[in-house]
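Novice: Please work out how this folds:
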Amino acid sequence: MERGCRGKTFFAKRFSPCEQMNDYHIQSLAFLGDAYFTLKVREQIMRQKPGLTPRGLHVCTVPVLCAGGQSKLFLELYDLFTDDEKAVARRARNGRGLKPPAAATPEEYRNATALEAVLGYLYVEGKTERLERLFCHILPIV
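Specialist: Residues are numbered from 1 along each chain as shown. As a prediction, the model looks like this:
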């Protein structure tokens, strides 16, 4: 295990899941899911187009990573979600304080947040096989 700044250990442990998923703030799950989704999409684009500059990579990822792109993916994946995943998505879509960016409609932003929350939920729960199955549906679209 690597040591980081001042002897602190980074990447030491995975999350230890809460007793109840409701213990996690839904926006926190979306925050984590957004980071996971961004990493996976960028990784896929780099594999598909290894010669692109960072600017070119950015241009390729924006349509997928923006709220509109994530909203489309959410709608395509929704029927594949389990009941637990649908419950997380419902909590995220109905969350308070969601202020969409200027480039997205409120519905697109709610859908994007729901997708991110489901991915964050799966990540925190350690359901990596499930994440991989969902990304098998997502990545061909990218």
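
Novice: Helices of this protein, start to end?
Specialist: Assigned by DSSP state H, the chain shows helices spanning 26-48, 54-65, 67-77, 83-93, 106-124, 128-138.

Novice: Can you point out the buried residues in stretch 87-95?
Specialist: 88-89, 91-93, 95 (16 or more other CB atoms under 10 Å). In short, each C-beta sits where N, CA and C put it, glycine included.

Novice: Just put these in CSV and tack on distance to residue 74.
Specialist: Shown next, in CSV, are the buried residues of stretch 87-95 (distance: CB to CB, whole Å):
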residue, distance to residue 74
88, 12
89, 7
91, 14
92, 10
93, 9
95, 14
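
Novice: Any chance of TSV for the residues you listed, columns distance to residue 34 and pLDDT?
Specialist: Output for the buried residues of stretch 87-95, formatted as TSV (distance: CB to CB, whole Å; pLDDT from 0 to 100):
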residue	distance to residue 34	pLDDT
88	14	96
89	14	97
91	16	94
92	11	94
93	15	92
95	14	79
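
Novice: show me what contacts the most centrally placed residue in the chain?
Specialist: Nearest to the mean C-alpha position of the chain, by CA atoms, centre = their mean, lies residue 33 at 3.1 Å. Going by CB atoms under 8 Å, 6 or more residues apart in numbering, residue 33 touches 115-123.

Novice: do residue 68 as well
Specialist: Contact partners of residue 68, counting by CB under 8 Å, 6+ apart, are 103-104, 108, 112.

Novice: Just the buried ones among those residues, please.
Specialist: Applying 16+ other CB under 10 Å to the contacts of residue 68 flags 104, 108, 112 as buried.
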